[in-house]
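K.L.:
Okay, sequence plus prediction incoming.
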Amino acid sequence: MTSLPLGADVRGGVPLSGYTTLRLGGPAARFVSAGTAAEVVDAVRAADRDGGPLLVLGGGSNLVVGDLGFDGTVVLVANHGSKIDCTVPGRVQLTVEAGEDWDTVVAGTVEAGLGGLECLSGIPGLVGATPVQNVGAYGVEVAQVLVSVDLLDRATGEVRTLRADELGLGYRTSVLKGTDRAVVLRARFELVDDGLSAPIRYTELARALGVRQEERVPVAEARAAVLDLRRGKGMVLDPADHDTWSAGSFFTNPVVADAAAGEILERIAHAVGADTPVPRYPAGPGASKLSAAWLIERAGFAKGYTRGRAALSDKHTLALTNRGGATTADLLALALEVRDGVLAAFGVELRPEPVLVNCSLN
C-alpha cells in the first residue's frame, strides 16, 4: 500500500471513465485528489518512494485508459490559482497553477483584454498539460507564449523551473511528452495587454473573421470565431452531445521528409486522381505536413463512420467518439481500422495523439 501523505483524499476502485472526456477507462486501484501544488508533490513523492505504478491525471482530454483500468496510484492534479505580473510596457506575465481548466483561463485573459491565448479557446483539459504536448490550434501554439514551467523532477524529487527553450517544444510535443519523469505544477505565459489577438495566420479563421492573414483583431472577436469553428467540428465539450465524447484529434497530422514526399504524393495522386490538390504545409527544414483528416476521408472513412459503439465524429474525421456504451477496446479497434486503412491506401502511417494507458494500438 502506498504510504500517501497524512490527510490525503485517497479512494479505491474509482472508475477513470468519470475523469476522461471519452468517458472510457476502468477503475484505479488508488485515487488521490491533490488540491495544492504541495499536495501534488507529496503524493507523487510518496508513490515514487513505494515504487508502485503512478498515473498523474489532469483533465483527461488527451487520455485513453484501458478497460481494465490502472493497477496503481492515480494522482488527480487539482491545484488552482493564477496571478498577473507586469513585465515590460505592453506585456504581462500570467502564472497559472496546473490544475486550472485551460479554457476558463483563456476566457479570463480575453475578458481582461490580454492577447495571445484567444486562438486556443475551447481546447479541453488543464493548464498543466498544455506545455507537455505544446497545445496548438488555428495558427497558434503554446510555445509562442510560454515563458517557463515549474515541475517536480521525479528522478531527484526536486521542484525545478525550466524555461520554455529547455522543453524541446515542437509540433504537438515536448521533452515531457511520452515520459513520466516530471510533473508540471504551474506554467507562465507572456501576453500582450493591448486587447488585440495574436496575428491571425490560419486561413479558415481569417476567412471567418473577414480579415487578411497576419492582421490582429479584438481578442473577444477571435475567441468567438474560434469557438464557432470548433463547435462546427464537434470540438467543444458538451455532455449531451456524443460527438464531443472524444479525445479531440486522435491522430496527429503526419510529417514527412521532403525526400520521401514525392513518392508519397505520387501514390496519393494515383489513388485520388492527379487533378486533386493534396493539402501540404511546411513543417520545418526538409519536411512537410499532410492533413490527417484529408487522408482519412480519402481512404474511405467518412464522417460518422461507425464500428460498434465507437464512431468517427459526424463533424470531423479526426475525432474518434464514444457513442454511449462503447469500451476502450471498441475505440481502439476503430482507430486501428482507420490507421491501417490510410497506410494501405497511401503508405502514410498515422500516429495517435492521446496518451494510451494500459492499452495499445497494435
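P.N.:
Yes, it's here.

K.L.:
Residue 35 against residue 78, yeah?
P.N.:
Yes - assessed by C-beta atoms under 8 Å, residue 35 is found in contact with residue 78 at 5.1 Å. Using the backbone N, CA and C atoms, a C-beta is placed for each residue, glycine as well.

K.L.:
If you count surrounding residues, which of those two has more?
P.N.:
residue 78 (20 against 15; other C-beta atoms under 10 Å).

K.L.:
list the contacts for that one?
P.N.:
33-35, 99 (C-beta atoms under 8 Å, 6 or more residues apart in numbering).

K.L.:
How about residue 215?
P.N.:
So residue 215 contacts 199-200, 206 (C-beta under 8 Å, 6+ apart).

K.L.:
run the last query once more with 6 Å
P.N.:
residue 200 (C-beta atoms under 6 Å, 6 or more residues apart in numbering).

K.L.:
Just the element for it, please.
P.N.:
Using DSSP states H and E, residue 215 sits within no helix or strand.

K.L.:
and the gap between it and residue 151?
P.N.:
Distance, residue 215 to residue 151, using C-beta to C-beta, to the nearest Å: 36 Å.

K.L.:
Which phi and psi values does the nearest residue to residue 195 once chain neighbours are set aside adopt?
P.N.:
In this structure, residue 195 finds its nearest non-sequential neighbour in residue 113, 4.1 Å apart by C-beta to C-beta, 6 or more residues apart in numbering. Dihedral pair for residue 113: phi 80, psi 30, per degrees, to the nearest 10.

K.L.:
For residue 113, grab the count of nearby residues.
P.N.:
Residue 113: 15 neighbours (other C-beta under 10 Å).

K.L.:
I'd say it and residue 197 touch.
P.N.:
No - counting by C-beta atoms under 6 Å, residue 113 stays clear of residue 197, with 10.9 Å between them.

K.L.:
Same question for stretch 227-236: list its buried residues.
P.N.:
Using 16 or more other C-beta atoms under 10 Å as the test for burial, stretch 227-236 gives 227, 229-230, 233-236.

K.L.:
and it, how far from the chain's centre?
P.N.:
15 Å (C-alpha atoms, centre = their mean, to the nearest Å).

K.L.:
Equivalent analysis for stretch 312-332, please.
P.N.:
Worked out by C-alpha atoms, centre = their mean, stretch 312-332 lies 17 Å from the chain centre.

K.L.:
buried set for it?
P.N.:
By neighbour count with 16+ other C-beta under 10 Å, stretch 312-332 contains the buried residues 312-322, 326-328, 330-332.

K.L.:
Then stretch 264-275?
P.N.:
For stretch 264-275, by 16+ other C-beta under 10 Å, it's 264-265, 268, 272.

K.L.:
what is the rounded mean pLDDT of it?
P.N.:
On average, the pLDDT along stretch 264-275 is 91.

K.L.:
Check stretch 27-41 too.
P.N.:
96.

K.L.:
residues in contact with that stretch?
P.N.:
4, 8-16, 43, 69-79, 152, 185.

K.L.:
For residue 59, give me its contacts.
P.N.:
Residue 59 touches 124-126, counting by C-beta under 6 Å, 6+ apart.

K.L.:
okay, those residues in JSON lines with secondary structure and distance to residue 95 next?
P.N.:
Below are the contacts of residue 59 laid out as JSON lines (DSSP: H, G, I helix; E, B strand; the rest coil; distance: C-beta to C-beta, whole Å):
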{"residue": "124", "secondary structure": "coil", "distance to residue 95": "22"}
{"residue": "125", "secondary structure": "coil", "distance to residue 95": "18"}
{"residue": "126", "secondary structure": "strand", "distance to residue 95": "15"}
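
K.L.:
Name the next helix or strand downstream of the host helix or strand of residue 256, please.
P.N.:
Assigned by DSSP H and E, residue 256 falls within strand 255-257. The helix or strand immediately downstream of strand 255-257 is helix 258-272, counting by DSSP H and E.

K.L.:
Number of residues surrounding residue 283?
P.N.:
Neighbour tally, residue 283, other C-beta under 10 Å: 18.

K.L.:
from now on call the first residue 826
P.N.:
Okay, using 826 as the starting number, the last item reads as residue 1108.

K.L.:
can you pull up the bridge partners for the nearest residue to it once chain neighbours are set aside?
P.N.:
Closest residue in space to residue 1108, ignoring its immediate chain neighbours: residue 1114 at 4.0 Å, by C-beta to C-beta, 6+ apart. Beta-bridge partners for residue 1114, by DSSP bridges, are residue 1080, residue 1106.

K.L.:
which residues does residue 1114 contact?
P.N.:
1078, 1080, 1106, 1108.

K.L.:
Surely the second one is in contact with residue 1112?
P.N.:
Yes - look at residue 1080 against residue 1112 with C-beta under 6 Å: they come within range, at 5.3 Å.

K.L.:
Now for the spatially closest residue to residue 1067 that is not a sequence neighbour: which residues touch it?
P.N.:
The spatial neighbour of residue 1067 that comes closest, neighbours along the chain excluded (C-beta to C-beta, 6+ apart), is residue 1148 at 5.0 Å. Taking C-beta under 6 Å, 6+ apart, we find residue 1148 in contact with 1067, 1134, 1136.

K.L.:
and with 7 Å instead?
P.N.:
1067, 1134-1136 (C-beta atoms under 7 Å, 6 or more residues apart in numbering).

K.L.:
do residue 1007 as well
P.N.:
976-979, 1001.

K.L.:
again with residue 1073
P.N.:
886-887, 949, 1060, 1144.

K.L.:
For the helix ranked longest in the chain, buried residues please.
P.N.:
For the chain, the helix with the greatest residue count under DSSP state H is helix 1153-1171. For helix 1153-1171, burial by neighbour count (16+ other C-beta under 10 Å) applies to 1153, 1155-1160, 1163-1164, 1166-1167, 1170-1171.
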